[in-house]
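Colleague: Coordinates only, no sequence provided:
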């Protein structure tokens with residue numbers, strides 16, 4: 001009987017050990033897919049602050065081997081040693097005025113309830129039309145003029161869809177109700193809104209904001225930037241967020257001179273260049289070094305944001321998750337607002353706060369990008385490193 005019990009115990013122990021090893025190797029596999037293949041570090045050390053269970057040792061001049069608990073291999077990581085730049089923290093609200101590159105199709109409809117030339121030509125909502133009969137389009141009126149002067153003749157449209165260049169042959173129809181030639185599509189050539197600056201390069205005046213792209217409200221597509229302007233804004237009202245209903249900052253463009261031009265609209269945010277006058281108007285700037293992604297810790301941090309007037313304030317948050325290899329450029333970490341004053345005023349994260357810089361251990365590590373609709377105290381943030389790289393450094 002004792003022998004039988006011993007055998008059962010040994011088998012059970014082996015099963016538990018096997019399960020534990022499988023669990024550890026499964027965890028190692030998770031980390032292998034989650035941590036980046038290469039990192040930039042100021043000190044040369046390879047540590048992942050969000051995952052203290054990961055250990056590393058150098059295997060070559062620019063290589064390190066990362067393991068779980070120093071025992072189970074995870075992956076080899078390339079090391080790029082680089083001094084972190086010092087940047088001016090934002091938190092300032094700014095107005096966004098964008099003129100699109102071409103015109104965006106925001107809707108398709110029948111003409112006089114009978115037919116839709118745009119749909120018949122294969123045009124879809126979200127397409128960006130850049131030329132009509134070889135005429136470059138920079139405004140809605142450019143396209144309207146070509147259509148109204150067509151006399152019903154076929155118009156060749158050059159457009160892009162999901163980054164792919166395409167052409168279509170559109171035959172306008174005459175609207176008896178409006179007494180003019182129509183295409184059956186609605187288009188937009190510009191967009192305006194409010195966002196928050198993330199950081200500024202004090203040497204060049206280049207700045208980043210939003211942390212996510214400016215997208216069309218009807219199509220959800222990224223707005224291709226032809227030209228743009230960043231202008232001063234005063235926050236006048238807060239529409240408080242609550243579960244199921246995102247909040248919003250309301251503001252008005254001021255009469256102060258423009259901040260400068262907008263030069264890029266990307267998945268990592270919007271970018272531009274401030275004038276020297278605008279830099280001087282910032283006042284006493286808060287300066288921090290850039291924090292690299294592997295330095296981000298789970299726990300307390302701060303955001304700088306403006307939810308009233310024009311003056312940024314610092315509020316406490318908690319970083320709950322860090323995802324080094326997120327598929328979406330603007331969703332690298334999960335954050336939660338813990339500051340009671342901010343929660344009382346806004347309910348948490350609201351539209352217009354996107355771009356608010358995230359500060360931890362005296363470094364700019366990221367920016368607020370999205371709110372969780374079901375819980376406005378929580379949302380996503382982007383790595384500041386991603387935004388800095390998008391600036392072209």
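Modeller: Arrived safely. Small disclaimer: the values here were computed from a predicted structure and weren't measured.
Colleague: okay, now residue 216: neighbour count?
Modeller: For residue 216, the neighbour count with other Cβ atoms under 10 Å is 18. The way it works is simple: take the backbone N, C-alpha and C, and place the C-beta from them, glycine included.
Colleague: can you pull the contacts of it?
Modeller: Taking Cβ atoms under 8 Å, 6 or more residues apart in numbering, we find residue 216 in contact with 104, 106, 126, 188, 191, 223.
Colleague: rerun at 6 Å
Modeller: By Cβ atoms under 6 Å, 6 or more residues apart in numbering, residue 216 lies in contact with 104, 223.
Colleague: Can you give me the pLDDT of it?
Modeller: Reading off the confidence values, residue 216 has pLDDT 81.
Colleague: Now do it against residue 305, distance only.
Modeller: Residue 216 sits 25 Å away from residue 305, going by Cβ to Cβ, to the nearest Å.
Colleague: Ok, residue 49 next?
Modeller: 24 Å.
Colleague: Name the residue in the two with the higher neighbour count.
Modeller: Set side by side, residue 49 and residue 305 show more neighbours around residue 305, with 29 against 18, by other Cβ under 10 Å.
Colleague: Show the contacting residues for the nearest residue to that one once chain neighbours are set aside.
Modeller: Leaving aside its sequence neighbours, residue 305 sits nearest to residue 356 (Cβ to Cβ, 6 or more residues apart in numbering; 3.9 Å). Counting by Cβ under 6 Å, 6+ apart, residue 356 touches 91, 196, 303, 305, 368.
Colleague: cool, residue 111 as well?
Modeller: Counted by Cβ under 6 Å, 6+ apart, residue 111 has contacts 173, 175, 182, 184.
Colleague: can you pick the most crowded of those?
Modeller: Busiest of the contacts of residue 111 [other Cβ under 10 Å] is residue 184, holding 23 neighbours.
Colleague: Walking through the stretch 1-150 of the chain, point out its strands one by one.
Modeller: Assigned by DSSP state E, counting those that start in this stretch, the stretch 1-150 of the chain shows strands spanning 38-41, 54-60, 63-68, 72-81, 86-89, 93-108, 128-132, 135-136.
Colleague: quick one, which of these is nearest to residue 228?
Modeller: Nearest to residue 228 among the strands of the stretch 1-150 of the chain is strand 93-108 (4.4 Å), distances taken as Cβ to Cβ.
Colleague: Now do residue 30: how many residues are near it, please.
Modeller: 12.
Colleague: related to what we said a few turns ago, would you format the strands of the stretch 1-150 of the chain as a markdown table with mean pLDDT and mean neighbour count included?
Modeller: Below are the strands of the stretch 1-150 of the chain laid out as a markdown table (pLDDT from 0 to 100; neighbours: other Cβ atoms under 10 Å):
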| stretch | mean pLDDT | mean neighbour count |
| --- | --- | --- |
| strand 38-41 | 86 | 18 |
| strand 54-60 | 78 | 14 |
| strand 63-68 | 83 | 18 |
| strand 72-81 | 85 | 16 |
| strand 86-89 | 94 | 21 |
| strand 93-108 | 89 | 22 |
| strand 128-132 | 93 | 22 |
| strand 135-136 | 90 | 12 |
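Colleague: got a markdown table for those strands, with distance to residue 390 too?
Modeller: As requested, the strands of the stretch 1-150 of the chain are exported to a markdown table (distance: least, Cβ to Cβ, whole Å):
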| stretch | distance to residue 390 |
| --- | --- |
| strand 38-41 | 14 |
| strand 54-60 | 27 |
| strand 63-68 | 26 |
| strand 72-81 | 17 |
| strand 86-89 | 14 |
| strand 93-108 | 17 |
| strand 128-132 | 21 |
| strand 135-136 | 27 |
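Colleague: Tell me which of those sits nearest to residue 203.
Modeller: Closest among the strands of the stretch 1-150 of the chain, once you apply Cβ to Cβ, is strand 86-89, at 9.4 Å.
Colleague: now the closest one: how far from the chain's centre is it?
Modeller: Mean-position distance between strand 86-89 and its chain equals 19 Å (Cα atoms, centre = their mean, to the nearest Å).
Colleague: Which strands or helices does that strand pack on?
Modeller: Helices and strands touching strand 86-89, by 3 or more Cβ pairs under 6 Å, 6 or more residues apart in numbering; DSSP states H and E, are strand 185-200, strand 287-290.
Colleague: State the distance from residue 249 to residue 236.
Modeller: Shown here: residue 249 relative to residue 236, a distance of 9 Å by Cβ to Cβ.
Colleague: need the contact list for the nearest residue to residue 247 once chain neighbours are set aside.
Modeller: Excluding its sequence neighbours, the residue lying closest to residue 247 (Cβ to Cβ, 6+ apart) is residue 241, at 2.9 Å. Contact analysis of residue 241 by Cβ under 6 Å, 6+ apart lists 247, 347, 348, 350, 376.
Colleague: filter these to the buried ones?
Modeller: 247, 347, 348, 350, 376 (16 or more other Cβ atoms under 10 Å).
Colleague: Name every strand pairing with the helix or strand containing residue 381 and say which way it goes.
Modeller: Element membership for residue 381, per DSSP states H and E: strand 375-383. Using DSSP bridges, the strands paired with strand 375-383 are strand 333-337 (antiparallel), strand 363-372 (antiparallel).
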